[in-house]
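how would this look folded up:
(2 chains)
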Amino acid sequence: MEKLSLFKRAIIPALSVITAMILSGLLYDLSRGAGTGFLRKAILYPSVVIMFLSTWLGPLFLVPIAFHRCAKPIERYVAALAAPIIWTMKTLYYFVGLYSVSELFFLLFHPFILGCIGVNLLCVGSAELVCRALQRRREGKTAIRLTDPAPVSFFALGLVITFLGLWNGGHSYYYIYMDVYSGLFL
Amino acid sequence: MDKERNFSEPEAVTRKTFLQKAGRAALTVVAASSLPKVLEGRSKLPNIIFILTDDHRWDAMSCMKHPFIKTPNLDRIAGEGILFENSFCTTSLCSPSRASFLTGQYAHRHGVVTNHTPWNEKNTTFMELVKKQGYETAFIGKWHMPGSGLPKLRGVDHFVTFTKEGGQGVYKNCPLIIDSVETPRPGKYITEDLTDFALKFIGKKRKKPFCMYLSHKAAHFGFVPPKHLDHLYDDVDLKLPPESDTFITYTNNHMFVGAPLPMNFLYRNYCETIVSVDEQVGRILKTLDSKNLTKDTILVYAGDNGHFFGEHGLYDKRLAYEESMRIPFMVRYPRLIKDPGRRAGQMALNIDLAPTLLDLIGAPVPKSIQGRSLKGIMKSKKISGRKSWLYEHFPVFPIPLPGITAVRTKRYKYIEYQNDKRPREIFDLKRDPGEKENLYAIAAGKKLFPGLKKELERLKKDTDYRFHRHG
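Numbering: from 1, shown residues only, chains lettered A, B, ... in the order given. Below is the predicted model of the structure:
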């Protein structure tokens, strides 16, 4: 494939996911004004699905596209994690002015914030490993290293975080989290 | 003495015999004269039962015309007592509201400003004051106020509670701490289990009057109905507000309150859980009837705070809108209430419970209590009630909501947010009961603002308001 510019191989895919995340959120909020009939449902359900996919599973789409466009590994990882990082920053913004800086930092470990990052890491790692496996199958085992430290680490870390978030329906991690909060801040 | 005395012959009266008989006669007279006082004493001091539920919306009862929930037992309390139609919690959050019920004080006074700030052992509860009047007391159920372990709870003879999941408990197999002994409860459904303890306490043979605080976990999130009620409302039209949708629990930061399930599904389970509460209340009513205690028992039913299910696109509580701050509150006391079934429109607050109960039993009401007795309103519908009151909410980690203060009058509401993190709001509740139109920035609101702002500041000063940064 002809070597594409950084903009085309990494930035456009990242912007696509980010745009989908923002637009779907706006559409979701706007859907409230569309009554209760078919039009409301036609806006509501797609916007919710796209919100969820772009925020939590974006790398599953973005990594293969960027991989196919010959983006470098670091470019793929940054592009894939851009949307969840923007979501995290947006979410933390709502807490600014209510809690201290150290509490804001502690929020990064909140089940949902950490969970979002964790699931995205799991997706980056999974997608990356699949893409590498497929390339090796097409071009031979020497074409690309499968178990590169980065994707393996993302996969492993993402798996651990996801497991913690789902353990006992999320209750166990949450209560540990809040106990630590009480010990540190109250 | 001759053992074979012939009983047909009259007994000779000796001095000893005379003194013995006179003594017995005197004792009989004394006993007879004191008996009416003892009986009178028992009926003078009524029994007290306070049933507190969790997140029970003010309109989630059939007597409040809910579209499908059937609550015949709660309706009975309303029909035989007084239903305070305009009842509110002063902070819409479990622990602060519960502490307000117990102490008769605002959260900023008793100190339990969030679900994380510990209970102050120096706080005086109405249980302690009632106990001083000679009552046997019991606290059964959800305590849910943090601190180092469970409190000593002065004035409580029997304490049955739970600490699982931070004091929230679980609906099934919830271990209980029964008078300091942790006891597994396999196979038990918590609302029924707590009611069993309540019935046992009511049924005890006693000479003193009793005061029982029955505090349910239901209908808090988890929303797990008992097996026989599960799926009861699977097919009903929920009639949720038009701005509602089932994804609300996932969007706009609602996930931070920790209910990651579709809202419509949760609402069905919530309604089924309310029905189970009603069933258990029915067991208590039946027991009171069977033991002839109904007339001499003050029975109060209330919820600790309300709950959004889609109104304003919201889930959970905390905010100062009606669905969050309104609570069910009804009192049945046949000996006092001469017009049972009345719906009182006067505004009643959670902090009014303590002074009301103390007033009803003739006990002094300490000056530290900030609520007002509702006894006058219970006796006569002509009493006008309060004109306004203060609502307060403090930031509670990890919820992205600022501190809130609001003044609620009979017709209007004015809401301010910490550091103006959200726009100020004024609502005309008569014209706009759904609080859809914020008047603050328009001409109508500008006219109302000075008076409402002045009233808010007055209430803050009168209640010695102090902002608590977080908890």
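
Next one: the closest residue in space to B:Glu272 that isn't next to it in sequence, what pLDDT does it get?
Using CB to CB, 6 or more residues apart in numbering or on different chains and skipping the chain neighbours, the partner closest in space to B:Glu272 is B:Pro225 (3.6 Å). Every C-beta, even on glycine, is put in place using the N, C-alpha and C of the backbone. Model confidence at B:Pro225, given as pLDDT, is 97.

separation between B:Pro225 and chain A?
B:Pro225 sits 18 Å away from chain A when distances are taken as CB to the nearest CB, to the nearest Å.

and the one helix or strand B:Lys446 maps to, C-alpha only, in PDB?
In the assignment (DSSP states H and E), B:Lys446 maps to helix B:443-462. Extracted as PDB, the C-alpha positions of helix B:443-462 are listed here (Å, rounded to 0.1, in the frame of the first residue of the first chain):
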ATOM      1  CA  ALA B 443     -38.900  38.700  34.100                       C
ATOM      2  CA  ALA B 444     -41.100  36.500  36.200                       C
ATOM      3  CA  GLY B 445     -38.100  35.100  38.000                       C
ATOM      4  CA  LYS B 446     -36.400  38.400  38.500                       C
ATOM      5  CA  LYS B 447     -39.500  39.600  40.300                       C
ATOM      6  CA  LEU B 448     -39.500  36.600  42.600                       C
ATOM      7  CA  PHE B 449     -35.800  36.400  43.200                       C
ATOM      8  CA  PRO B 450     -35.300  39.100  45.900                       C
ATOM      9  CA  GLY B 451     -37.900  37.700  48.200                       C
ATOM     10  CA  LEU B 452     -36.800  34.100  47.700                       C
ATOM     11  CA  LYS B 453     -33.200  34.900  48.100                       C
ATOM     12  CA  LYS B 454     -33.900  36.800  51.300                       C
ATOM     13  CA  GLU B 455     -36.000  33.900  52.600                       C
ATOM     14  CA  LEU B 456     -33.200  31.400  51.800                       C
ATOM     15  CA  GLU B 457     -30.600  33.500  53.700                       C
ATOM     16  CA  ARG B 458     -33.000  33.900  56.600                       C
ATOM     17  CA  LEU B 459     -33.500  30.100  56.800                       C
ATOM     18  CA  LYS B 460     -29.800  29.600  56.700                       C
ATOM     19  CA  LYS B 461     -29.200  32.000  59.500                       C
ATOM     20  CA  ASP B 462     -32.000  30.600  61.600                       C
END
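
neighbouring contacts of it?
Contact with helix B:443-462 is made by B:388-390, B:405-407, B:409, B:412, B:414, B:416, B:426, B:428, B:438-440, B:465, as judged by CB atoms under 8 Å, 6 or more residues apart in numbering or on different chains.

what do you get if the cut-off is 10 Å, keeping everything else the same?
B:106, B:108, B:370, B:387-392, B:405-409, B:411-416, B:424-428, B:431, B:437-441, B:465-467 (CB atoms under 10 Å, 6 or more residues apart in numbering or on different chains).

Any idea how many residues pack against B:Lys188?
17 (other CB atoms under 10 Å in any protein chain shown).

again, but for B:Ala22
So B:Ala22, with other CB under 10 Å, has 10 neighbours.

What's the mean pLDDT across the host helix or strand of it?
For B:Ala22, the host element (DSSP H and E) is helix B:15-44. Regarding helix B:15-44, the rounded mean pLDDT is 57.

Likewise for stretch B:89-97?
Averaging pLDDT along stretch B:89-97 yields 97.

Are it and chain A in contact anywhere?
No: figure legend: stretch B:89-97 not in contact with chain A (CB under 10 Å from any CB of the partner chain); closest approach 13.0 Å.

try stretch B:160-174
Yes: Stretch B:160-174 comes into contact with chain A (CB under 10 Å from any CB), by way of B:164-166, B:168, B:170.

Surely B:Phe427 is within a strand?
Yes: assigned with DSSP: H, G, I helix; E, B strand; the rest coil, B:Phe427 falls within a strand.

for chain A, what spans make up the helices?
If DSSP state H is used as the criterion, the helices of chain A fall at A:6, A:12-31, A:38-56, A:58-68, A:73-93, A:101-107, A:111-139, A:149-166, A:171-185.

check contacts around the residue of the stretch 1-150 of chain B found nearest chain A.
Ranking the residues of the stretch 1-150 of chain B by distance to chain A (CB to the nearest CB) places B:His116 first, at 5.7 Å. By CB under 10 Å, 6+ apart, the contact set of B:His116 is A:178, A:181-182, A:185-186, B:95, B:145-146, B:166, B:396-397, B:470-471.

Could you rerun that using 8 Å?
Taking CB under 8 Å, 6+ apart, we find B:His116 in contact with A:178, A:181-182, A:186, B:146, B:396-397, B:471.

Let me have those residues in TSV, extended by neighbour count and pLDDT.
As requested, those are exported to TSV (neighbours: other CB atoms under 10 Å in any protein chain shown; pLDDT from 0 to 100):
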residue	neighbour count	pLDDT
A:Met178	17	90
A:Tyr181	18	92
A:Ser182	16	87
A:Leu186	13	81
B:Pro146	19	75
B:Val396	21	91
B:Phe397	23	92
B:Gly471	22	57
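
Make TSV from the residues you listed and add distance to B:Gly313 to it.
Formatted as TSV, the contacts of B:His116 follow (distance: CB to CB, whole Å):
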residue	distance to B:Gly313
A:Met178	27
A:Tyr181	28
A:Ser182	31
A:Leu186	31
B:Pro146	31
B:Val396	21
B:Phe397	23
B:Gly471	26
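
Give me the buried positions along the helix or strand bottoming out on mean pLDDT in chain A.
Within chain A, no helix or strand scores below helix A:171-185, which has a mean of 90 by mean pLDDT, DSSP states H and E. Neighbour-count burial for helix A:171-185 flags A:171, A:173-174, A:177-178, A:181-182 (criterion: 16 or more other CB atoms under 10 Å in any protein chain shown).

ok, how many other residues are close to residue 130?
I went with chain A, as the question did not name one. Residues near A:Val130, counting by other CB under 10 Å, number 15.

Oops, wrong one, chain B.
25.

Ramachandran angles for it?
Reported as degrees, to the nearest 10, the phi and psi values for B:Val130 are phi -70, psi -40.

If anything else comes up later, I'll come back, but that's it for now.
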